[in-house]
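**Q** Provide a 3D model corresponding to the input given below.
(chains A and B)
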Amino acid sequence: MTFFTLNNCIILGLILFSIGAYGVITRRNLLVVLMSLEIMFNAVNLIFLSFNYFLYYQEGRELGQYFVLLVIAVAAAEAAVGLAILVTIYRNRRNVDSDLLKEMKG
Amino acid sequence: MDIKEILVLSLGVITILSAVYISFSRNLIYSAFMLLVTLCGVAGLYGLLSADFLAGIQILIYVGGILILIVFAVMLTQNISEGKKSNPSRFPLVSLVIGIVFLGGMGYFIWRFPWNNGYFSFKPITTDLGNALLKEYLLPFEVISILLLVGLIGALTIARVSLGNKNKLTKDDEI
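**A** Now for the predicted structure:
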């Protein structure tokens, strides 16, 4: 029985992505939404690296690793801006519940 | 069993369990600390997938940077002792069905597809990564650095208490 196969790695990434998506949909606190977003970023990175390792690594190609590096940089920028927005929302409204943010509702 | 098998199995189980805890728990500060476990588990999986540099970067940026930011935000914005009131969920059943359908649909086809599953030896990657980032992928590298700079300035501008808005602050608002 071998567990370290491409199928299992991608399915592990899929499970992580689904858990993150569940958290993003169902949580009302914006902080937990941000944490679940980080889980989703990690799942996508994991799938990138699995494809790179199992399919292209023997030929000496590492394009997936560059992708992951750029995704991590974008995730860092996203977390910084998202948390800044969150702190501003809390300062103005004293809570971070996403159901209470209805100013832009048409 | 090979040591690689044991490692990938245990890291996968740890990562999934802690991610489940984050999405389902009602206590914010526990979620933030469980995110630490998830990020470290994913870093270990990166190392198994022969991405040693990225595993280090994951620890440095996610655990050392983003997670600290999140914990700070939890402490700034929440009354931690009342974790239950601050973290309600909405329509969990519908979301659970959506998630399971997505997972089952994608997982079924991935499970059936005959991927090429070989064992490859570990090879350190940092030299190639540095060479590629400064040669043929120089443009994305510079674009991403500009994006990070803009993001940092934007975050500072948003989070700053500007002088004109000072009358909006109440007394207990010194964050």
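**Q** okay, now residue B:135: neighbour count?
**A** Residue B:135 sits with 8 neighbouring residues when counted by other C-beta atoms under 10 Å in any protein chain shown. Every C-beta, even on glycine, is put in place using the N, C-alpha and C of the backbone.
**Q** can you pull the buried residues of the host helix or strand of residue B:33?
**A** Using DSSP states H and E, residue B:33 maps to helix B:28-48. By neighbour count on 16 or more other C-beta atoms under 10 Å in any protein chain shown, the buried set for helix B:28-48 is B:28, B:31-35, B:37-48.
**Q** ok, now stretch B:56-65?
**A** B:57, B:58, B:61, B:62.
**Q** what's near enough to touch the first one?
**A** The one in question is residue B:57. A:69, A:72 (C-beta atoms under 8 Å, 6 or more residues apart in numbering or on different chains).
**Q** Distance of it relative to residue B:93?
**A** From residue B:57 across to residue B:93, the span is 38 Å (C-beta to C-beta, to the nearest Å).
**Q** for residue B:122, same thing?
**A** Residue B:122 sits 44 Å away from residue B:93 when distances are taken as C-beta to C-beta.
**Q** for chain A, which spans come out with low pLDDT?
**A** Along chain A, the model assigns pLDDT under 70 to residues A:1, A:106.
**Q** For it, just list every one of the strands.
**A** Assigned strands in chain A: none (criterion: DSSP state E).
**Q** Helices along that one, start to end?
**A** In chain A, the helices defined using DSSP state H lie at A:6-26, A:30-51, A:63-93.
**Q** Reformat these as a markdown table; add distance to residue B:88 and mean neighbour count.
**A** Formatted as a markdown table, the helices of chain A follow (distance: least, C-beta to C-beta, whole Å; neighbours: other C-beta atoms under 10 Å in any protein chain shown):
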| stretch | distance to residue B:88 | mean neighbour count |
| --- | --- | --- |
| helix A:6-26 | 10 | 23 |
| helix A:30-51 | 10 | 24 |
| helix A:63-93 | 16 | 19 |
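**Q** any chance of those in JSON lines, plus distance to chain B?
**A** JSON lines is the format used below for the helices of chain A (distance: least, C-beta to the nearest C-beta, whole Å):
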{"stretch": "helix A:6-26", "distance to chain B": "4"}
{"stretch": "helix A:30-51", "distance to chain B": "5"}
{"stretch": "helix A:63-93", "distance to chain B": "3"}
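**Q** Among these, which comes closest to residue B:152?
**A** Set against residue B:152 and scored by C-beta to C-beta, those come closest in helix A:63-93, at 6.3 Å.
**Q** Touching, residue B:7 and residue B:49? I think so.
**A** No. Assessed by C-beta atoms under 8 Å, residue B:7 is found out of contact with residue B:49, at 11.3 Å.
**Q** Those two: who's more crowded?
**A** Legend: neighbour count by other C-beta under 10 Å for residue B:7 and residue B:49, higher for residue B:49 (27 against 16).
**Q** Tell me which of the helices of chain A lies nearest to residue B:97.
**A** For the helices of chain A, the distance to residue B:97 is smallest for helix A:6-26, at 10.1 Å, taking C-beta to C-beta.
**Q** same for that closest one, what does it pack against?
**A** Counting contacts by 3 or more C-beta pairs under 8 Å, 6 or more residues apart in numbering or on different chains; DSSP states H and E, helix A:6-26 packs against helix A:30-51, helix B:3-24, helix B:28-48, helix B:92-112.
**Q** Between the two ends of stretch A:83-102, what distance do you get?
**A** Chord length of stretch A:83-102, first to last residue, is 19 Å (C-alpha to C-alpha, to the nearest Å).
**Q** The helix holding residue B:33 near chain A anywhere?
**A** Yes. Using C-beta under 8 Å from any C-beta of the partner chain, helix B:28-48 reaches chain A at B:28, B:31, B:32, B:35, B:38, B:39, B:42, B:45, B:46, B:48.
**Q** Run through the residues that contact the fifth one.
**A** Put plainly, it is residue B:38. A:39, A:42, B:15, B:18, B:19, B:22.
**Q** Could you rerun that using 6 Å?
**A** Neighbouring residues of residue B:38 by C-beta atoms under 6 Å, 6 or more residues apart in numbering or on different chains: B:15, B:18, B:19.
**Q** Leaving out sequence neighbours, find the closest residue to it.
**A** Using C-beta to C-beta, 6 or more residues apart in numbering or on different chains and skipping residues adjacent in sequence, the residue nearest residue B:38 is residue B:18, 4.6 Å away.
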